[in-house]
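Asker: Quick one, what's the 3D model for this:
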Amino acid sequence: MKIEVQEINACQKRLEVEIPPEVVKKELDNIYRDFQKKVKVKGFRPGKVPRGLLERLYKAEVENELINKVIPDTCTKVIQENGIKAIGTPRLDEVDLGEDKPLRFTAIVDVIPDISLKEYGGWELTKKTVRVTDEQITKEMERLREIHAQWDASDGTAREEDYVVLNYQGYLAGEKLPELKAENLQVIIGSNSLPDSFEEQLVGMNAGERKNIRVVFPPDYHQEELAGKEVLFEAQLNEIKVKRLPELNDEFAKEVREQVETVAELREKIFKELEEYAAHRAGALLEKEIVDRLLEENPFPVPEALIEAEMERMLHNMETRLKLQGMKLVNPESYRENFRESALRNIQTELILEKIKELEAVEVSEEEVDKEIKLAAAGLKQSEEAIRKEMGEGLRNQLGRRKTLELLVKKSKIQEDIIDPEEPSEEKVEEELVS
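Answerer: The predicted structure is shown next:
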């Protein structure tokens, strides 16, 4: 068999393959024998149809079966023997099959690019940990009161921060829009859960009242058919409830935290929790800065197939989160491109950390994987066997990335600073680093 592997670009290779005539003939003979057993031709018993007649009747089907069997198997063999880091299924470009001739074909395969790393580590970095203040503790305690608030039925008019239950149906130019319909939707006025000025127009309504609400969607709204358009909503307010905050006392403290008896103990526990969060966030921001340095100093392309797959994964996760909140993403495809930049970074981060993991011989032990599986099983309330089957390999990869980042932190010169709450950057920490 003749094989030639050509590099099209950093993310693609071309396989040019020629399979000898004798191999092709052997495969064709096998396929014709199978056809001879299963086809029914008038005037012949099963298995007795002459080969020549089969060739006249079924030549196209037989050759198609040959191509579908031999080419994928050959591509797999070529990829393995040449150490090609292939992604997905090779795409056939050309096929040449003639009688008593070699089978020649060309296939395009997407590949993981070869990353040539410059020196890494040794960076001078600052780990900034936010100081925990009394104000933050008080704010967190008030947040807990909000979470545990009770909602009491009200016979008054709807006000800002009231909890309301409503129905609505949206119309564009007099035409009903099925995607803008809700029944018994629960909303807190002022939470910006509904489009633009919808919620503020609920203020002053009574339970049972109907009202036409007009909303002009912004010009850059993600659904093009609604962007810049005025929509009329026929709304009905079903219920109004007002918020009642619990008293901040020892009973409240016992309710919101285990192993806490008093308000003073609750403050101390929240202080420790905020300190842990501040340390975790500081570490995540430091790791993000390391990844930023790596990607800035070592640019490399990424196969489009990987980016598309990551965009699809991110879109699926978004749809799942919305579903858990009782919401549905309208026209999800319009969101996909919004994920492209993040998807590219995610893939580049994974590939470059995997490269360093290989170079530094970072290993993940079975004991480490078992520990992560136990933690995941306890958190998700599933059996360890189920977690191992569904998430085992993913947890191993996460551990590998985490240990690689820890190694890069050790290779850098880190100065630790405690800063005031006003100083930290608002820059979002990438989800993959936090996890």
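Asker: Distance of residue 149 relative to residue 162?
Answerer: Counting by C-beta to C-beta, to the nearest Å, the gap from residue 149 to residue 162 is 12 Å. The way it works is simple: take the backbone N, C-alpha and C, and place the C-beta from them, glycine included.
Asker: what touches both of those two?
Answerer: residue 243 (C-beta atoms under 8 Å, 6 or more residues apart in numbering).
Asker: who has more neighbours, those two?
Answerer: Neighbour totals were compared for residue 149 and residue 162, and residue 162 leads with 21 against 14 (other C-beta atoms under 10 Å).
Asker: In which helix or strand does the one residue sitting closest to the centre of the chain reside?
Answerer: The C-alpha lying nearest the average C-alpha coordinate of the chain belongs to residue 314 (C-alpha atoms, centre = their mean; 2.9 Å). Here residue 314 sits within helix 304-324, counting by DSSP states H and E.
Asker: Check residue 167 too.
Answerer: Assigned by DSSP H and E, residue 167 belongs to strand 163-172.
Asker: Okay, now the sheet partners of that strand, with direction.
Answerer: Here strand 163-172 is paired, per DSSP bridges, with strand 175-188 (antiparallel), strand 230-244 (antiparallel).
Asker: and the longest one, how far from the chain's centre?
Answerer: Looking back up the chat, that one is strand 230-244. Counting by C-alpha atoms, centre = their mean, to the nearest Å, strand 230-244 is centred 34 Å from the centre of its parent chain.
Asker: Quick check: what element follows it along the chain?
Answerer: Next helix or strand after strand 230-244 toward the C-terminus (DSSP H and E): helix 250-256.
Asker: Could you list the buried residues of the helix or strand following that next one?
Answerer: Later in the chain than helix 250-256, the nearest helix or strand by DSSP H and E is helix 263-297. Across helix 263-297, burial judged by 16 or more other C-beta atoms under 10 Å covers 263, 266-267, 269-271, 274, 278, 281-291, 293-294.
Asker: Same question for stretch 15-25.
Answerer: 15-17, 19, 24.
Asker: so what's the nearest residue to residue 113 once chain neighbours are set aside up against?
Answerer: Distances taken as C-beta to C-beta, 6 or more residues apart in numbering place residue 10 nearest to residue 113, at 4.3 Å, with adjacent residues excluded. By C-beta under 8 Å, 6+ apart, the contact set of residue 10 is 113-114, 300-301.
Asker: Mind giving me the ChimeraX command for buried ones among those residues?
Answerer: Buried members of the contacts of residue 10, defined by 16+ other C-beta under 10 Å, are picked up in ChimeraX with:
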select :113,300
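Asker: Can you tell me which of the contacts of residue 10 is closest to residue 145?
Answerer: Nearest to residue 145 out of the contacts of residue 10 is residue 300 (C-beta to C-beta; 50.2 Å).
Asker: Help me confirm that the closest one is found in a helix?
Answerer: No - going by DSSP: H, G, I helix; E, B strand; the rest coil, the assignment for residue 300 is coil, not a helix.
Asker: how near is it to residue 355?
Answerer: 9 Å.
Asker: which residues are in contact with both of the two?
Answerer: Common neighbours of residue 300 and residue 355, counting by C-beta under 8 Å, 6+ apart, are residue 115.
Asker: how about the nearest residue to residue 146, chain neighbours excluded?
Answerer: Per C-beta to C-beta, 6+ apart, closest to residue 146 is residue 245, 7.1 Å.
Asker: Correction: the previous question concerned residue 360.
Answerer: residue 407 (5.9 Å).
Asker: Tell me how many other residues crowd residue 238.
Answerer: Neighbours around residue 238, by other C-beta under 10 Å: 15.
Asker: Once you drop chain neighbours, what's closest to it?
Answerer: Distance criterion C-beta to C-beta, 6+ apart; nearest residue to residue 238, sequence neighbours excluded, is residue 165 at 4.5 Å.
Asker: who's in contact with the one you found?
Answerer: Contacts of residue 165 by C-beta under 8 Å, 6+ apart are 184-187, 237-239.
Asker: let's see 10 Å
Answerer: Residues in contact with residue 165 (C-beta atoms under 10 Å, 6 or more residues apart in numbering) are 183-187, 207, 236-241.
Asker: before we move on, what about residue 182?
Answerer: Applying C-beta under 10 Å, 6+ apart to residue 182 gives the contacts 166-170, 194, 233, 235, 326-327.
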